[in-house]
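# got a sequence here, can you build the structure:
(chains A and B)
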Number of protein chains: 2
Amino acid sequence: MAEVDALVTVTVCTTCRAGAPTDAEGPRPPGARLHDALSGALPDGGVRLRTVECLSACSRGCSMVIEGGAQRWTYIYGDMDPDTHVPAIIEGVSAYAATADGVVPWRERPEIFRKQSIARIPPPQSTPPKEAAE
Amino acid sequence: MAEVDALVTVTVCTTCRAGAPTDAEGPRPPGARLHDALSGALPDGGVRLRTVECLSACSRGCSMVIEGGAQRWTYIYGDMDPDTHVPAIIEGVSAYAATADGVVPWRERPEIFRKQSIARIPPPQSTPPKEAAE
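Here you go, the predicted structure:
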C-alpha cells in the first residue's frame, strides 16, 4: 500500500475546450492536446498520467489535478495552455513529486501553479499546515 | 482499510470570508460559522467533519470538499452560505454517503450542489464514468 500511495497522479480533462463551444466540430480539444503533450514527458517512475472526461471546472479549462496518495495535498489547476504551459507543468509536477506532503515552497512553484490554482485539498489524514494560504 | 476508505469526509474551510476582507476584525468568519452549523448535524456514522485553514478557493468562499475513500468521486463546492444552505448541505452529504462511487443522480442533488460545484476529481483508481458532464 505504501508504494501505491506514494504514486503521483496527474489527471487531465480531455474534454476541456478552453472556452470553445463543447459541440464544435474541428480540431482536437485543447484538453486532449494537453494530455498528448504530457504523455511520455512527465518524470519516469512514480508519476502516472490519466484522463478524465470532465472535471466540472469547464469555465477554467484546460484543467488538471495533481495528487499523490495519503500524505500529499491535492491541487487543481485551470487555464492551462497546451501550447505554452507544458514545460512549466512538467517542472511543477516534478517538484511536487519530490515532496512528501505535496507542498512545494511557494517561490519554487511555476508561475502558472501559483496563479492558476482552482483549489487544493488537504491529504486524507492531516492537520492544517502552517502555510495556510499556500 | 476498507472501512477507513469508505468513510466520507467533509472538509470546511474555516478562514473563508465570502468576500469580506481577510484581515477584517469582527464577527466570526463565515467559513467558521459554516463549520459550527454542520458540527453534529451530519449523518451519524461514516461521515467525518474536519476543518482546513484554506482551500485556495478564496474567490468562491465559503468552500468545502466532500470526499469518500478510494471508490468515490471528490467534489469541491463554493459560495456556500452558512445562514441558508446548511439543510441542503446535510441533504447532499447524506445522498453522497449513500452511494458507492459518490455520484448522486443529477436530479437528486440539492440545487446548490448542481450549481455551485467548483470541480470534481475522479476516484484514485477509476475509469471515466458515463455521466461525464456531472
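# where exactly do the strands run in chain A?
Applying DSSP state E to chain A gives strands spanning A:8-13, A:47-52, A:64-67, A:74-77, A:117-121.
# quick check: which of these is nearest to chain B?
Set against chain B and scored by CB to the nearest CB, the strands of chain A come closest in strand A:117-121, at 4.1 Å. For glycine as for every other residue, the C-beta is placed from the backbone atoms N, C-alpha and C.
# what packs against that closest one?
strand A:74-77, strand B:64-67, strand B:74-77, strand B:117-121 (3 or more CB pairs under 8 Å, 6 or more residues apart in numbering or on different chains; DSSP states H and E).
# per-residue pLDDT of residue A:34, please?
Residue A:34 carries a pLDDT score of 95 in this model.
# count residues in the vicinity of it, would you?
27 (other CB atoms under 10 Å in any protein chain shown).
# just to check, it is in contact with residue A:79?
No: contact criterion CB atoms under 8 Å: residue A:34 and residue A:79 do not qualify, at 11.3 Å.
# which neighbours do those two share?
Common contact partners of residue A:34 and residue A:79 (CB atoms under 8 Å, 6 or more residues apart in numbering or on different chains): residue A:62.
# how about CSV for the strands of chain A, with distance to residue B:86 added?
Formatted as CSV, the strands of chain A follow (distance: least, CB to CB, whole Å):
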stretch, distance to residue B:86
strand A:8-13, 31
strand A:47-52, 30
strand A:64-67, 28
strand A:74-77, 25
strand A:117-121, 21
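# will you turn those strands into TSV that also has mean pLDDT?
Listed next are the strands of chain A as TSV, based on pLDDT from 0 to 100:
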stretch	mean pLDDT
strand A:8-13	96
strand A:47-52	94
strand A:64-67	97
strand A:74-77	97
strand A:117-121	96
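# contact distance from chain B - what residues of chain A qualify?
Taking CB under 8 Å from any CB of the partner chain as the criterion, chain A approaches chain B at residues A:1, A:9, A:11, A:15, A:51-57, A:60, A:63, A:65, A:67, A:74-76, A:117-122, A:124, A:128-129, A:132-134.
# can you flag the buried ones in the residues you listed?
Buried members of these, scored by 16 or more other CB atoms under 10 Å in any protein chain shown, are A:9, A:11, A:15, A:51-57, A:60, A:63, A:65, A:67, A:74-76, A:117-122, A:124, A:129, A:134.
# residue B:72 versus the closest residue in space to residue A:122 that isn't next to it in sequence, what's the distance?
In this structure, residue A:122 finds its nearest non-sequential neighbour in residue B:52, 5.1 Å apart by CB to CB, 6 or more residues apart in numbering or on different chains. Counting by CB to CB, to the nearest Å, the gap from residue B:52 to residue B:72 is 19 Å.
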